[in-house]
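>>> no sequence on this one, just coordinates:
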């Protein structure tokens, strides 16, 4: 696999999926975005869950990025990114099909947040089993790497916009080579401080960062911040 | 209350209680450490749960710091610090007695960690109700402020030892004046970046940092690190 020009399938048409699709296309990768129902996604005329414009509007601004089903997007990808909402990720990956994910790096960015009682949403994360682990369990032949789930979408793909990237992104996963592919992808986006937390069980730690992240958003009045792990080197 | 010279009761004789007691005494405060059973604590001859020397050994090195019961230590304090283990904090505070805590700032540093299945311990924190909230609920007339629970004891009292204190400590609580007292106490220890997360429910966010903190300890090979919230100012 040529890390500089990969075929990438991105599952999810929300802000995270769009930000990643645009940036990775700009970096030279060949991206297909996946959705549950292509016709429904293209027919949507109202702003989305987070106020984002309809997908069709975004797609006109990004004509090189194709939209297809979850299964087709994943089949296209040498690397697949789960950018669906965490509460529906397992369902979306079931629709995607193990046959389209087996043997591939599956970069999981999702967080399980319950928005049913308003803002801020409640995180479902616990120090027992993470979403990342459940995805790995459901897809034992995929190489799940959890990363980028601890910041807003813009920061994921443009880390240098905050303090010249003097802050941290984490990776968790069982497969060292898969983590190395993700690390190189992160570096190509401008990330400098990348901490390997260990196996996929360490995704519990990053998924549990969401409650403080959401409070900080409220307190600081902006989502443009990130965690840095400060140590004496 | 003179923030520069307070009477302080510290509940808990472990590493956190000792570190705070030594530092706050050094800063000029009048500290009494509280324990469940004074005779038992002084009779202990073996290292403690985390390998710390017996309390009596530590006390010989800190002769100005008195040991008394939870209730007497809290009665002494204008400000009281909960430095007990999180899994026994509610029990310890019940023994302390609401009458010794009512109207006072109660700085809660505890985390609920289950060590029964070895290291790393499992955090019991969830985005539903924090230990800080349960303490506030049990003691409605105390002014609970959650802080300092996101780093090791040495860093709590000597933040400048890491990157000249270029990292963050959080405060959560319902009472603005009580938070201000804690903020000034933190500043007197050398803290520069102190973020007020909001009311006591925001303690969920800091308590849920423990799983990643514990993983980082393993990954970095040292507990001498801290979180910094990096933002463009």
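Thanks, I have it. Nothing here was measured: the structure is a model prediction, and the numbers come from that model.
>>> Return the distance of residue A:106 relative to chain B.
Distance, residue A:106 to chain B, using CB to the nearest CB, to the nearest Å: 21 Å. Backbone N, C-alpha and C define where each C-beta goes, glycine included.
>>> Double-check that that residue belongs to a helix.
No - when DSSP: H, G, I helix; E, B strand; the rest coil is applied, residue A:106 is found to be strand, with no helix at that position.
>>> can you count the residues close to the nearest residue to it once chain neighbours are set aside?
Leaving aside its chain neighbours, residue A:106 sits nearest to residue A:142 (4.4 Å; criterion: CB to CB, 6 or more residues apart in numbering or on different chains). Using other CB atoms under 10 Å in any protein chain shown, residue A:142 has 25 neighbouring residues.
>>> What of residue A:36?
So residue A:36, with other CB under 10 Å, has 17 neighbours.
>>> same question, residue A:128
Count around residue A:128 with other CB under 10 Å applied: 12.
>>> same question, residue A:177
11.
>>> if we can go back for a sec, can you pull the pLDDT of the residue nearest to residue A:106?
At residue A:142, the pLDDT value in this model is 98.
>>> That one and residue A:173: what is the separation?
Applying CB to CB, to the nearest Å, the value for residue A:142 to residue A:173 is 10 Å.
>>> Could you do residue A:107 as well?
Counting by CB to CB, the gap from residue A:107 to residue A:173 is 9 Å.
>>> what sits in contact with each of those two?
A:145, A:182 (CB atoms under 8 Å, 6 or more residues apart in numbering or on different chains).
>>> Could you pull up phi and psi at the most centrally placed residue in chain A?
When CA atoms, centre = their mean is applied to chain A, the residue found nearest the centroid is residue A:109 (2.9 Å). Main-chain dihedrals, residue A:109, degrees, to the nearest 10: phi -110, psi 0.
>>> right, and it touches residue A:80 too?
No - contact between residue A:109 and residue A:80 fails when scored by CB atoms under 8 Å: they sit 11.2 Å apart.
>>> what's near enough to touch residue A:48?
Counted by CB under 8 Å, 6+ apart, residue A:48 has contacts A:14, A:15, A:54, A:55.
>>> Test my guess that the first one contacts residue A:51.
So that's residue A:14. No - with contact defined as CB under 8 Å, residue A:14 does not reach residue A:51; the gap is 10.9 Å.
>>> Specify which residue of the two has the higher count of neighbours.
residue A:14 (17 against 7).
>>> who's in contact with the more buried one?
Counted by CB under 8 Å, 6+ apart, residue A:14 has contacts A:48, A:49, A:50, A:52, A:83, A:84, A:85.
>>> nearest to residue B:185, of those residues?
The nearest member of those to residue B:185, counting by CB to CB, is residue A:50 at 39.3 Å.
>>> hey, what's the closest residue in space to residue A:183 that isn't next to it in sequence bridged with?
Nearest in space to residue A:183, with sequence neighbours left out and distances taken as CB to CB, 6+ apart, is residue A:194 at 5.4 Å. Using DSSP bridges, the bridge partners assigned to residue A:194 are residue A:169.
>>> Can you give me the neighbour number for residue A:194?
Residue A:194: 16 neighbours (other CB under 10 Å).
>>> Check whether it really touches residue A:186, as I assumed.
Yes - under the criterion of CB under 8 Å, residue A:194 makes contact with residue A:186 at 5.5 Å.
>>> any chance you could map the strands in chain A?
A:7-11, A:30-35, A:66-69, A:79-82, A:105-108, A:113-114, A:122-123, A:143-147, A:168-173, A:193-198, A:225-231 (DSSP state E).
>>> Need the contact partners of the fifth one.
So the one you mean is strand A:105-108. A:78-82, A:89, A:131-132, A:135, A:139, A:142-149, A:175, A:178, A:181-182, A:185, A:203.
>>> Pull the number of nearby residues for residue A:56.
13.
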